[in-house]
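Enquirer: Could you look at this predicted model? Sequence included:
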Amino acid sequence: MTEHLFNKILIANRGEIAVRVMRTAQALGIRTVAIYSDADASALHVQQADEAIALGGVTAAESYLDMHKVLDAARATGAEAIHPGYGFLSENAAFARACEDAGIAFIGPSAAAIEAMGDKASAKALLADSGVPLVPGYHGDEQSDERLSAEAERIGYPLLLKASAGGGGKGMRIVLSAATLHDDIAAARREARSAFGDDRLLIEKYLIRPRHVEVQVFMDSSGNGVYLFERDCSVQRRHQKVIEEAPAPGMTAALRQRMGEAALAVAQRIQYRGAGTVEFLLDANHEFFFMEMNTRLQVEHPVTEMITGVDLVYWQLRVAAGKGLPDGVSQQSLPINGHAIEVRLYAEDPDNHFLPAIGRLTLWQAPELSASVRLDSGVQQGDEVSPYYDPMLAKLIAHGRDRTEALHNLRTALAALQVDGVKTNRDFLLRLLSLDAFARAELSTDFIERNQHELTQPLPTRWELAALTELLLPTLASQSQSQPQPQPQAHDPWYADGFQSALPAQRVLRLESAVGDVLRARARANEQAHGLDRNQSWNLLLADHSVQVQGRLELNSQAGDIRLLQLEARVNGQLQSLPLALSEHELLLFLPQGSQRFVRNRWLGEQAQEDHGGLTAPMAGQVLEVRVQPGEQVKAGQVLMIMEAMKMEHSIRAPQAALVQAVLYQAGDQVAEGTELLQLEIMAEADAENAAEAGA
Ligand code: ADP
């Protein structure tokens, strides 16, 4: 990839697709120009570009959708070509034409080809006599209620009303029977008008449980084209893709060829140029029907790249520069190598109808990337996720020799991706990938609805791991203090570094989950454990059972006040390794099944600030004096214990009138930060008054 294509191109987009296009262009020695709105001034795509032009404005309409501003930016920087990415201006025929008029290459098809496919109804009309199978339906110009009703009767129920000008799943309505048709037509028209400024509708037979299978095509300017096989995008939420994979499971060579050739026929019909996708619905009998053609690079193009080894953006740049497909490329030469699966990570709240979420990404740590794990991301830690644009943050894609391996690689990588600060669908995706139905490739467009029950089951809280983390925390402090660091023995993950000797032999932990469940756990260090690691192994008594826990905690990095740690845990002999994020008041475990949040040091947080007291040790230190005994009644504010830490004394006071239940440490004991020192039973007000009177 060293030949000369362009000196400089402008990328008329933002986020992950802008970054992804830059990667290929820069590898080819092409200078890249980014554009950005006021909300994106410090965005990743701006930082990665060789030059960047501020468009001003924050909304899409004021910035990325304003074609005059975009063209001005291209002229001002001398960009010879514009890559539109997907969304925004990518399927805007007027923009493609304006580029042509300005003498700037539009990296995409001709304006005429965009127009031909831009309208679902006219696209179907165009293909009516092409031999490409269409979903049975009506896509005529006549839009009267009478005509639509008559066509609905002919087609039969259930049926689907779609906005002719539609896209992105908007303006679609399923109609189950004639009884509601009238109202549904009116509503679909309203939706279509408000979303697309165009209320024309088309009607399709509503296929039951089809799969969404689409074909990637690629044409050069002289009408030569190939298909780069299919992608299955059946896992959708409200008609929006969530997981995509290539090749489609269960395809036969014959069906692949028929669909591929049908897709090429569609592209040839409109003298297509560049990368395009022809979308089909595939039914259980392997019958397929044309839905629409997307005249741009798709979000899910990486899965195709991974199984074919083709860089589609490189091909786009070649064709836009007037060259053909790379030498030696023919339909026969294209391989399918293994399997690839992609998940789309959105800033959205699965617990609140998947509404877009905004906020600051306080944590964003990518998994380890490799030839088989790819992350196309538009964000970095610390970014502000704004409400102005599509909420997609990134795509994670994994490859494997077969589907099972690709799925394993993707799950592993997604489990290692750590994100916090903004709500995301990360855990939802992990659950999808963990479903047996997904492993068995039982794919259809209602996959998520069908598996709703399992997707919404709460995860059992992993108290053991939260407790183990708290127990191991003091070893971290010693790790960073001890100079030089002792090297663990490579062959033994449980080899102790000798810093644990100060750990207390007994601890009581108060654990609190993010949903407010509280658990007291009692930990006793195991004496019988071999060698130096006696304190790294505990017998943990939880509410109703006891477990053996053992582990080590390592600091990976620090992001502000968040420490990123890796926990190697053995719970009742079962090994697991997981990343976690820890701050003074929160613990976030990234388990393979999803993340779990715990609240830490609630007493410390609420009480310590006021009176520097509390029932947990505010920091590692020594107990100097114990002033109460179990069974004693204490008043609010009464000093219960005195601790010394960092050469300062701290009084541990009763937060309220209470009954002392247990005194967990004695004078002279060393305690770790956060260790619970005493247990109190808070007394009701009346009891406290009685007690006070009795005592008086
Ligand atoms: P949009 O352009 O708004 O994304 P599409 O026409 O591409 O709409 O359809 C999106 C999704 O809606 C498809 O992937 C499929 O799940 C569903 N769908 C569309 N047409 C039909 C149909 N006739 N029968 C059943 N499902 C359909």
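Expert: Yes, it's here.

Enquirer: Could you tell me how many residues sit around Gln365?
Expert: For Gln365, the neighbour count with other CB atoms under 10 Å is 17. Quick note: C-beta positions are derived from backbone N, CA and C, even for glycine.

Enquirer: right, and it touches Gly382 too?
Expert: No. Using CB atoms under 8 Å, Gln365 makes no contact with Gly382, being 11.9 Å away.

Enquirer: Mark out where each domain of this structure begins and ends.
Expert: 8-107, 136-205, 211-455, 463-602, 612-695 (automatic domain parsing).

Enquirer: Select, out of those, the one closest to Leu127.
Expert: domain 211-455 (6.2 Å; CB to CB).

Enquirer: A strand includes Gln332, no?
Expert: No. Assessed with DSSP: H, G, I helix; E, B strand; the rest coil, Gln332 is helix; it does not lie in a strand.

Enquirer: Quickly note the distance from it to the ligand.
Expert: For Gln332, the distance to the ligand equals 30 Å [CB to the nearest ligand atom, to the nearest Å].

Enquirer: Which pLDDT value goes with that residue?
Expert: pLDDT, Gln332: 96.

Enquirer: tally of neighbours for it?
Expert: 7.

Enquirer: Repeat that for Ala366.
Expert: Ala366, neighbours per other CB under 10 Å, totals 17.

Enquirer: and the gap between it and Ser90?
Expert: Separation of Ala366 from Ser90 (CB to CB, to the nearest Å): 26 Å.

Enquirer: Can you identify the element that follows the least confident helix or strand in the chain by mean pLDDT toward the C-terminus?
Expert: Of all helical and strand segments in the chain, the minimum by mean pLDDT, DSSP states H and E falls on helix 609-611, at a mean of 36. Where DSSP states H and E defines the elements, the next helix or strand beyond helix 609-611 is strand 621-626.

Enquirer: Buried by neighbour count: which residues of that following strand qualify?
Expert: Gly621, Val623, Val626 (16 or more other CB atoms under 10 Å).

Enquirer: swap in stretch 181-195?
Expert: Leu181, Asp184, Ile185, Ala188, Arg189, Glu191, Ala192, Ala195.

Enquirer: Format the residues you listed as a markdown table; extra columns: distance to the ligand.
Expert: Conversion of the buried residues of stretch 181-195 to a markdown table gives the following (distance: CB to the nearest ligand atom, whole Å):
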| residue | distance to the ligand |
| --- | --- |
| Leu181 | 16 |
| Asp184 | 15 |
| Ile185 | 16 |
| Ala188 | 12 |
| Arg189 | 16 |
| Glu191 | 11 |
| Ala192 | 11 |
| Ala195 | 10 |
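
Enquirer: how about low-confidence regions in the stretch 351-500 of the chain?
Expert: Counting by pLDDT under 70, the ranges of the stretch 351-500 of the chain that qualify are 478-500.

Enquirer: So which residues of it form helices?
Expert: Using DSSP state H, counting those that start in this stretch, the helices found in the stretch 351-500 of the chain span residues 403-416, 426-434, 436-439, 447-450, 452-455, 463-481.

Enquirer: Keeping just the C-alphas, turn the second one into CSV.
Expert: Extracted as CSV, the C-alpha positions of helix 426-434 are listed here (Å, rounded to 0.1, in the frame of the first residue of the first chain):
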residue,chain,number,x,y,z
ARG,A,426,-21.3,-3.3,27.8
ASP,A,427,-22.8,-5.7,30.3
PHE,A,428,-25.8,-6.2,28.1
LEU,A,429,-23.5,-7.2,25.2
LEU,A,430,-21.6,-9.6,27.5
ARG,A,431,-24.9,-11.3,28.4
LEU,A,432,-25.9,-11.5,24.7
LEU,A,433,-22.6,-13.1,23.9
SER,A,434,-23.0,-15.5,26.8
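
Enquirer: Remind me what that helix packs against, helices and strands.
Expert: Using 3 or more CB pairs under 8 Å, 6 or more residues apart in numbering; DSSP states H and E, the elements in contact with helix 426-434 are strand 240-246, strand 339-346, helix 403-416, helix 452-455, strand 594-599.

Enquirer: end to end, how far does stretch 432-448 reach?
Expert: 8 Å (CA to CA, to the nearest Å).

Enquirer: Run the contact check for it versus the ligand.
Expert: Yes. Applying CB under 6 Å from any ligand atom, one finds stretch 432-448 in contact with the ligand at Thr445.

Enquirer: how about that stretch: buried residues?
Expert: Buried, per 16+ other CB under 10 Å, within stretch 432-448: Leu432, Leu433, Ser434, Leu435, Phe438, Leu443, Ser444, Thr445, Phe447, Ile448.

Enquirer: Which member of the residues you listed is positioned nearest Thr277?
Expert: Looking across these and measuring by CB to CB, the closest to Thr277 is Thr445, at 16.5 Å.

Enquirer: What helix or strand is Ala96 located in?
Expert: Counting by DSSP H and E, Ala96 is found in helix 93-101.

Enquirer: Within range of the ligand, give me the residues from the stretch 101-250 of the chain.
Expert: Counting by CB under 6 Å from any ligand atom, the residues of the stretch 101-250 of the chain that sit close to the ligand are 135, 160, 166-170, 204-207, 210, 212, 236, 239.

Enquirer: among the residues you listed, which ones are buried?
Expert: Applying 16+ other CB under 10 Å to these flags Val135, Leu160, Gly166, Gly167, Lys170, Glu204, Lys205, Tyr206, Leu207, Pro210, His212, Gln236 as buried.

Enquirer: Kindly reformat these as JSON lines containing pLDDT.
Expert: JSON lines is the format used below for those (pLDDT from 0 to 100):
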{"residue": "Val135", "pLDDT": "94"}
{"residue": "Leu160", "pLDDT": "96"}
{"residue": "Gly166", "pLDDT": "87"}
{"residue": "Gly167", "pLDDT": "82"}
{"residue": "Lys170", "pLDDT": "80"}
{"residue": "Glu204", "pLDDT": "96"}
{"residue": "Lys205", "pLDDT": "95"}
{"residue": "Tyr206", "pLDDT": "96"}
{"residue": "Leu207", "pLDDT": "96"}
{"residue": "Pro210", "pLDDT": "97"}
{"residue": "His212", "pLDDT": "98"}
{"residue": "Gln236", "pLDDT": "97"}
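
Enquirer: any chance of those residues in CSV, plus secondary structure?
Expert: What follows is these, written out as CSV (three-state DSSP):
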residue, secondary structure
Val135, coil
Leu160, strand
Gly166, coil
Gly167, coil
Lys170, coil
Glu204, strand
Lys205, strand
Tyr206, coil
Leu207, coil
Pro210, coil
His212, strand
Gln236, strand
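
Enquirer: Output the domains of the chain as a markdown table; include the columns distance to Ala121.
Expert: Output for the domains of the chain, formatted as a markdown table (distance: least, CB to CB, whole Å):
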| stretch | distance to Ala121 |
| --- | --- |
| domain 8-107 | 16 |
| domain 136-205 | 4 |
| domain 211-455 | 10 |
| domain 463-602 | 43 |
| domain 612-695 | 65 |
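
Enquirer: Which residue comes closest to Val639 once chain neighbours are left out?
Expert: Ser651 (4.7 Å; CB to CB, 6 or more residues apart in numbering).

Enquirer: Could you list the residues in contact with stretch 566-578?
Expert: 415, 464-465, 468-469, 472, 493-494, 547-554, 556, 579-580, 589-592 (CB atoms under 8 Å, 6 or more residues apart in numbering).

Enquirer: Now, of the residues you listed, which are buried?
Expert: 415, 464-465, 468-469, 472, 494, 547-553, 579-580, 589-591.

Enquirer: circling back: state the pair within the residues of the stretch 101-250 of the chain next to the ligand that is farthest apart.
Expert: Gly168 and Lys205 (21.7 Å).

Enquirer: Let me know the closest of the buried residues of strand 621-626 to Arg522.
Expert: Val623 (18.2 Å).

Enquirer: residue contacts, the closest one?
Expert: Met641, Ile642, Met643, Tyr665, Gln666, Ala667, Gly668, Asp669, Val671, Leu677.

Enquirer: mind listing which of these are in strands?
Expert: Met641, Ile642, Met643, Val671 (DSSP state E).
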